[in-house]
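S.K.: Got a predicted structure here, sequence first:
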Amino acid sequence: MLFLLPIFVWIVLLSYIYGILPYILFKRVLPINPVLPVLLGFAVLGIISQWMFVGGPITIFAQLVLIFGAMVAVWRYTFWYKAHLQNVWNWLLSLSKLSIVLLVTILLVILYQSALPTKINDMGMYYLQTLQWMKQFGMVKGLGNVHPALGLASAWHSLLVHFDFFGNDLHFYAINGVLVFVVFAFLLAEWKIRPNAFIFCYTLLFFPLAFLYLTAPSPDLPLLALTPLILYWAFFQKDEISFEAILLFSSFVFSCKPPSFIPVIIAIVLVIQQVLILVRTKREKSKTNKQILYAYLAIALLLLFSISPVFIRNYFQTGYVLYPMSLSSKAANVQELENYSNPKWQIPSDFNQAYRSGIISWGLNDKVDKNTFISSEQSKSTRFQLWLTRSGYKGFMNKLIFANGVFLILLLLYLFAIKRRFRFEPNKASLLVISILLLVVQVLEWYLLSQYRLMLPSAIAIACWSAGLIYFSKDDYSFPPSGNSFQSKIFGQLPIIPIAIIYLVLAFVPFSLFKDSSRNKSITQTDGFTSSYLLKPYSTYQLGTLSSYPIDSLNFNYYTDKTYAWDCPIPARSLSQKIFVDSIFHYQLHAFTSNPKDGFYLSRLGE
């Protein structure tokens, strides 16, 4: 736990430095919220880390490059940093004793939870393996053929590698805890500056759910944290955050884990809006042609910088630019085009389809068999019934997500059909369009994903949006809602007080019930409090009996008593994964050469 504290501080400091840069480079006013640059720094560093991953292994050299860049930025723009640091200092001095207690309490709980063994199965399935490949080889051609999840290469993981510089004896996996703490500090400042219904709802929903992600670097967390906030900034705080910042946030979330529909849609809308503004500006001749050309060039370069590494990594690691989506089609001409243009290392289309079918299956019943992967043909009504009537806590979450969408529909009917009077007539159409788009996104995510945890970011965004609509419809509220009226009428106390209490309680709750149904029983924490993690975090996942099997001229490592590869030295692939691919899909993994860096491909058995 205490070993993590210096890294926590270092990540916050480096993120702050890089988070100020977009405001400087695009000549924007520095934000009022003193913590916002730290959040933006996560996005900037994450995108940079993707470029470094595309360029090669993320070594100590890449870490030094980030440090050198930060030093140059501080030296070159000292005035800007001093100006904003004064804002940060004034905010810290203005904090009440209660706020300081809350910050310290949350920090200690997060540090302790981040030091515990993981409770997330994906840690063993692909997180640890992804980190190793990024460190040792960088982008690898056809890596998704080894395991489909390895093809994702999340920006969250490439960012984490830049802060994992302890060596083999101690690894840093606690980046999720840093993000949760920064979001807590951001909301603490935001609630003081502009308390509103959206932020209140976000606070109560995000933190209890985020607690589950503290023991592993899950890329689900940045989606959960930033998707509702991107919606908040785009429509409620346009003056607080610039177009460029929202585009960076949206691109980062998309590069962490696709499809990220809400951030992507917002980014597309804002780009179109900026282009239309430039077209109008040119027509009105309020700027010179040279200035307009530079504005177009700035948008193009920003898009190129923020999005390009995602498409590059997807193509080289899986053969699909929009992985895990593909162009597979029953149409002969499309299929022929794929066969002609797709590279040898591309994940076979039926195997890729099976991977996506497996994602849907986990959202319905957690039972994956041969029939599930070979054919996922189901009537939509049957599938919806399975999803909605599922038992257990996952079924409960499914029902909450469904109820959340139904509530927004009923709210819209009341505001726009029954009441037929909306205080903010100029915004009426836009509010209705945004609400419908959010519902469409949720339906689309159910169709493509079905897992509740993958639908949660949009669900939280919808819940917060509904909370905002309720108050927008009242006669004594403005658009966006007035901070003073909301605070005085609803709560005089900080909404994050119960969050601190919840975190304190959860920190000492044993997870024996979780262990009974866990696939990583040997390492999942079962005690409520373990003093051994107060100093040094749990970070060694090389457990079990190590063995290997040959694939062409390479030996692949695996644990004989583990379902997943965990932290096996790479190249690694669990024996169950090998048997699964060989026996069900009749594919065989091959290496291009004896060097893992040169990549892998799948071929039919016997070919």
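M.R.: Good, I have the coordinates.
S.K.: low-scoring stretches of this structure, by residue?
M.R.: By pLDDT under 70, the weakly predicted segments of the chain are 166-170, 326-341, 362-363, 365-380, 418-428, 471-496, 508-529, 542-543, 606-607.
S.K.: need the strands for it, in chain order.
M.R.: 546-551, 554-559, 587-591, 600-604 (DSSP state E).
S.K.: Out of those, the one nearest K394 is which?
M.R.: strand 554-559 (27.2 Å; C-beta to C-beta). (C-beta placed from N, C-alpha, C; glycine too.)
S.K.: now that closest one: how far from the chain's centre is it?
M.R.: Relative to its chain's centre, strand 554-559 lies at 30 Å (C-alpha atoms, centre = their mean, to the nearest Å).
S.K.: Put the alpha carbons of it into CSV.
M.R.: Presented in CSV, the C-alpha positions along strand 554-559 are these (Å, rounded to 0.1, in the frame of the first residue of the first chain):
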residue,chain,number,x,y,z
LEU,A,554,8.5,-21.4,-30.7
ASN,A,555,7.6,-22.8,-27.3
PHE,A,556,4.4,-21.5,-25.7
ASN,A,557,4.3,-21.4,-21.9
TYR,A,558,1.2,-22.3,-19.8
TYR,A,559,0.2,-23.3,-16.3
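S.K.: list the buried ones in it?
M.R.: L554, F556, N557, Y558, Y559 (16 or more other C-beta atoms under 10 Å).
S.K.: Adding distance to N314 as columns, could you present these in a markdown table?
M.R.: Listed next are those as a markdown table, based on distance: C-beta to C-beta, whole Å:
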| residue | distance to N314 |
| --- | --- |
| L554 | 24 |
| F556 | 24 |
| N557 | 26 |
| Y558 | 26 |
| Y559 | 29 |
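S.K.: Surely I11 and A174 touch.
M.R.: No. I11 lies out of contact with A174 (C-beta atoms under 8 Å); the separation is 9.2 Å.
S.K.: which of these two has more neighbours?
M.R.: A174 (29 against 26; other C-beta atoms under 10 Å).
S.K.: Could you verify my assumption that that one touches P6?
M.R.: No. With contacts defined as C-beta under 8 Å, A174 does not count as touching P6, sitting 11.6 Å away.
S.K.: Please enumerate the helices of the stretch 351-500 of the chain.
M.R.: Remark: helices assigned in the stretch 351-500 of the chain by DSSP state H, counting those that start in this stretch are 370-374, 380-388, 392-412, 425-448, 452-472, 483-489, 497-506.
S.K.: now the fourth one: how far from the chain's centre is it?
M.R.: The chain centre lies 21 Å from the centre of helix 425-448; the measure is C-alpha atoms, centre = their mean.
S.K.: Compute the inter-axis angle for it and helix 452-472.
M.R.: With axes from the mean of the first three to the mean of the last three C-alpha atoms, to 10 degrees applied, the angle from helix 425-448 to helix 452-472 works out at 170 degrees.
S.K.: thinking again about what came up before, return the member of the buried residues of strand 554-559 nearest to F211.
M.R.: Relative to F211, and with distances defined as C-beta to C-beta, the nearest of the buried residues of strand 554-559 is Y559, at 29.0 Å.
S.K.: Please name the residues that touch the residue nearest to the closest one when sequence neighbours are not counted.
M.R.: Closest residue to Y559 apart from its sequence neighbours, by C-beta to C-beta, 6 or more residues apart in numbering: G544 at 3.7 Å. Contact partners of G544, counting by C-beta atoms under 8 Å, 6 or more residues apart in numbering, are Y559, T560, D561, K562, W566.
S.K.: Could you dump those residues into a markdown table with distance to V271 added?
M.R.: Below are the contacts of G544 laid out as a markdown table (distance: C-beta to C-beta, whole Å):
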| residue | distance to V271 |
| --- | --- |
| Y559 | 47 |
| T560 | 52 |
| D561 | 51 |
| K562 | 46 |
| W566 | 41 |
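S.K.: The closest residue to F305 other than its chain neighbours and L95, how far apart?
M.R.: Spatial nearest neighbour of F305, excluding adjacent residues (C-beta to C-beta, 6+ apart): I47 at 6.8 Å. For I47, the distance to L95 equals 32 Å [C-beta to C-beta, to the nearest Å].
S.K.: The two: who's more crowded?
M.R.: I47 (23 against 15).
S.K.: Hmm, L159 and the more buried one touching each other?
M.R.: No. Using C-beta under 8 Å, I47 makes no contact with L159, being 9.0 Å away.
S.K.: In this structure, which helix is the longest?
M.R.: helix 289-318 (DSSP state H).
S.K.: Which one of the buried residues of strand 554-559 is nearest to L221?
M.R.: Closest to L221, out of all of these and judged by C-beta to C-beta, is Y559, at 26.8 Å.
S.K.: partners of that closest one in the sheet?
M.R.: L546 (DSSP bridges).
S.K.: Name the nearest residue to V44, ignoring sequence neighbours.
M.R.: Y18 is the one closest to V44 (C-beta to C-beta, 6+ apart), at 4.5 Å.
S.K.: Roughly how far does that neighbour sit from V38?
M.R.: On the measure of C-beta to C-beta, Y18 and V38 end up 9 Å apart.
S.K.: who has more neighbours, the two?
M.R.: V38 (27 against 24).
S.K.: quick one, what contacts the more buried one?
M.R.: V12, S15, Y16, G19, V182, A185, F186.
S.K.: what's the spacing between the last one and H590?
M.R.: As defined by C-beta to C-beta, F186 lies at a distance of 48 Å from H590.
S.K.: How about the fourth one?
M.R.: To H590, G19 is 44 Å away according to C-beta to C-beta.
S.K.: Mind checking which of these two has more residues around it?
M.R.: G19 (24 against 18).
S.K.: And that one, how far from G56?
M.R.: 26 Å.
S.K.: got it, and N176?
M.R.: Applying C-beta to C-beta to N176 and G56 gives a distance of 26 Å.
S.K.: Comparing those two, which residue is more hemmed in?
M.R.: Comparing N176 with G56 by neighbour count (other C-beta under 10 Å), the higher total belongs to N176, at 28 against 13.
S.K.: in terms of contact, does the more buried one touch L214 like I think?
M.R.: Yes. If you go by C-beta under 8 Å, N176 and L214 touch, sitting 5.7 Å apart.
S.K.: Which neighbours do those two have in common?
M.R.: With C-beta under 8 Å, 6+ apart as the test, N176 and L214 both reach S114.
S.K.: got the buried residues for stretch 23-32?
M.R.: So for stretch 23-32, counting by 16+ other C-beta under 10 Å, buried means Y23, I24, P31.
S.K.: okay, these in CSV with distance to Q346 next?
M.R.: Below are the buried residues of stretch 23-32 laid out as CSV (distance: C-beta to C-beta, whole Å):
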residue, distance to Q346
Y23, 41
I24, 42
P31, 43
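S.K.: out of these, who's nearest L388?
M.R.: P31 (41.6 Å).
S.K.: which residues touch that closest one?
M.R.: Taking C-beta under 8 Å, 6+ apart as the definition, contacts of P31 comprise Y23, P37, E240, I241.
S.K.: Then L534?
M.R.: Taking C-beta under 8 Å, 6+ apart as the test, what L534 contacts is M1, L2, Y112, A115.
S.K.: go on, L95?
M.R.: L103, L188.
S.K.: What's the local residue count around K141?
M.R.: 20.
S.K.: thinking again about what came up before, format the strands of the chain as CSV; extra columns: distance to F236.
M.R.: Conversion of the strands of the chain to CSV gives the following (distance: least, C-beta to C-beta, whole Å):
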stretch, distance to F236
strand 546-551, 53
strand 554-559, 49
strand 587-591, 49
strand 600-604, 46
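S.K.: so which of the ones you listed comes closest to L131?
M.R.: Of these, nearest to L131 by C-beta to C-beta is strand 554-559, at 15.4 Å.
S.K.: which helices and strands sit right next to that closest one?
M.R.: strand 546-551, helix 575-580 (3 or more C-beta pairs under 8 Å, 6 or more residues apart in numbering; DSSP states H and E).
S.K.: Buried deepest among these, which one?
M.R.: Highest mean neighbour count among the helices and strands packed on strand 554-559 (mean count of other C-beta atoms under 10 Å): helix 575-580, with a mean of 15.
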